[in-house]
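Q: below: sequence and its predicted model.
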Number of protein chains: 2
Amino acid sequence: MQIALQAAREAASCGEVPVGAVVLAPDGRVLAVARNHVEGAHDASAHAELLAMREAAACLRSPRLTDCTLVVTLEPCPMCAAAIVHFRIGRVVFGAYDPKGGGVEHGPRILERPSCLHRPEVIGGVCEREASALLKDFFRGLRTAGRSNNGQD
Amino acid sequence: MQIALQAAREAASCGEVPVGAVVLAPDGRVLAVARNHVEGAHDASAHAELLAMREAAACLRSPRLTDCTLVVTLEPCPMCAAAIVHFRIGRVVFGAYDPKGGGVEHGPRILERPSCLHRPEVIGGVCEREASALLKDFFRGLRTAGRSNNGQD
């Protein structure tokens, strides 16, 4: 999770929502590290966990990440939760819960649905305070910048 | 839809599930065409519609495809439905309905959820028979091949 948090900090420093993700092989080896890249890559699907899973799958030359672990600083959104199923991730470890945008413990709860063909183990709330603080600081900064800009206009 | 169906046929000829997608600009110009590429790209997220939206966004140099239309031969899965929201697609036109794997008219019905912040117009069942026949033929072929292989083993 510390590697994922460091990736999240890098995202923030580039003006991206601070979320970072790591994919670990079954033996614990780091296969991929990624951070949100939506604005920089002009790609609304460039969430940290989707990028990390794609990179890990490319590394293994297989679209399935069986028995691999995804570590991500924020609860995955419905898109990423459904991608976790497609990639057959074995375990998901996430930091902050996301009551508004999450798709694992909130919203459509993708991994708990009867139609879900693959159910990874899920562990939420790991380093929750640290992951959550990064996000709060980022959005507080955006609001402050917004107010400053409004003052100048 | 004919362009998307042609892309789906190309997918089948490469051994991929035959789904094709097109993104149209607000003026009707074709921004991107893609087909399923999961096995060839070693990427479980390489669904036709996600690839087409990523390509279109790269083309416009923006992560938002506001007022654009996504045309896809099969009802999008939950991952692609949630991506449609992230990309802010204005209209979704799809061919075959997918009661087992769909995420628009079936399963989590991503675009109808209270937490969904963007609701594109949705038109399903366009060229449904043609799109559906492509998928049925593909899976029938796989089963036949499977039986032949079993006979040889």
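A: Thanks, I have the structure now. Numbers count the residues shown, from 1 in each chain, chains lettered A, B, ... in the order given.
Q: how about the contacts made by residue A:60?
A: Residues in contact with residue A:60 (Cβ atoms under 8 Å, 6 or more residues apart in numbering or on different chains) are A:25, A:31, B:42. The C-beta positions use only the backbone N, C-alpha and C, and glycine is treated the same way.
Q: for chain A, what's the longest helix?
A: In chain A, with assignment by DSSP state H, the single longest helix is helix A:128-152.
Q: quick one: that one to chain centroid distance?
A: 19 Å (Cα atoms, centre = their mean, to the nearest Å).
Q: tell me where chain A has strands.
A: A:20-24, A:30-35, A:69-74, A:91-96, A:121-123 (DSSP state E).
Q: can you list the residues of chain A near chain B?
A: A:38-39, A:41-46, A:50, A:53-54, A:57-58, A:60-65, A:77-83, A:85-88, A:100-101, A:103, A:106-108, A:110, A:113, A:115 (Cβ under 8 Å from any Cβ of the partner chain).
Q: if any of these are buried, put those into a PyMOL selection.
A: Selection of buried members from the residues of chain A next to chain B for PyMOL, criterion 16 or more other Cβ atoms under 10 Å in any protein chain shown:
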select buried, chain A and resi 38+39+41+42+43+44+45+46+50+53+54+57+60+62+63+64+65+77+78+79+80+81+82+83+85+86+87+88+101+103+106+107+108+110+113
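Q: in helices, which of the residues of chain A next to chain B appear?
A: A:50, A:53-54, A:57-58, A:60, A:78-83, A:85-86.
Q: quick check: mean pLDDT of stretch A:105-114?
A: In this model, stretch A:105-114 has a mean pLDDT of 94.
Q: end-to-end on that stretch?
A: 15 Å (Cα to Cα, to the nearest Å).
Q: name the residues that touch it?
A: Among residues not part of stretch A:105-114, those counted as contacts by Cβ under 8 Å, 6+ apart are A:75, A:78, A:81-82, A:84-85, A:92, A:97-101, A:103-104, A:116, A:119-120, A:122, A:124, B:78, B:107-108, B:110, B:113, B:115.
Q: sorry, back to before: export the strands of chain A as CSV, with columns for mean neighbour count.
A: What follows is the strands of chain A, written out as CSV (neighbours: other Cβ atoms under 10 Å in any protein chain shown):
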stretch, mean neighbour count
strand A:20-24, 27
strand A:30-35, 21
strand A:69-74, 28
strand A:91-96, 23
strand A:121-123, 14
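Q: with distance to residue B:141 as added columns, please give these in TSV.
A: Converted to TSV, these look like this (distance: least, Cβ to Cβ, whole Å):
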stretch	distance to residue B:141
strand A:20-24	33
strand A:30-35	33
strand A:69-74	34
strand A:91-96	35
strand A:121-123	36
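Q: may I see the ones you listed organised as TSV, with mean pLDDT added?
A: Conversion of the strands of chain A to TSV gives the following (pLDDT from 0 to 100):
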stretch	mean pLDDT
strand A:20-24	98
strand A:30-35	98
strand A:69-74	98
strand A:91-96	98
strand A:121-123	97
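Q: dump the residue contacts of residue A:86.
A: Contacts of residue A:86 by Cβ under 8 Å, 6+ apart are A:63, B:44-45, B:77, B:79.
Q: 10 Å instead?
A: Each residue near residue A:86 by Cβ atoms under 10 Å, 6 or more residues apart in numbering or on different chains is listed here: A:53, A:57, A:63-65, A:117-118, B:38, B:43-47, B:77-79.
Q: and of these, the nearest to residue B:6?
A: Nearest to residue B:6 among those: residue B:47, at 17.1 Å, using Cβ to Cβ.
Q: check contacts around the closest residue to that closest one other than its chain neighbours.
A: Leaving aside its chain neighbours, residue B:47 sits nearest to residue B:80 (5.4 Å; criterion: Cβ to Cβ, 6 or more residues apart in numbering or on different chains). Contact analysis of residue B:80 by Cβ under 10 Å, 6+ apart lists A:45, A:79, A:82-83, B:19, B:21, B:45, B:47-53, B:70, B:72, B:74, B:87, B:92, B:94, B:102-104, B:110.
Q: ok, now with 8 Å
A: Residue B:80 is in contact with B:47, B:49-50, B:72, B:103, counting by Cβ under 8 Å, 6+ apart.
Q: roughly how far apart are the closest residue to residue A:97 other than its chain neighbours and chain B?
A: Take residue A:97 and drop its neighbours on the chain: the residue closest to it by Cβ to Cβ, 6+ apart is residue A:75, 5.2 Å away. The gap separating residue A:75 from chain B is 13 Å, by Cβ to the nearest Cβ, to the nearest Å.
Q: so residue A:75 touches residue A:92, yeah?
A: No - between residue A:75 and residue A:92 there is no contact under Cβ atoms under 8 Å: 9.2 Å.
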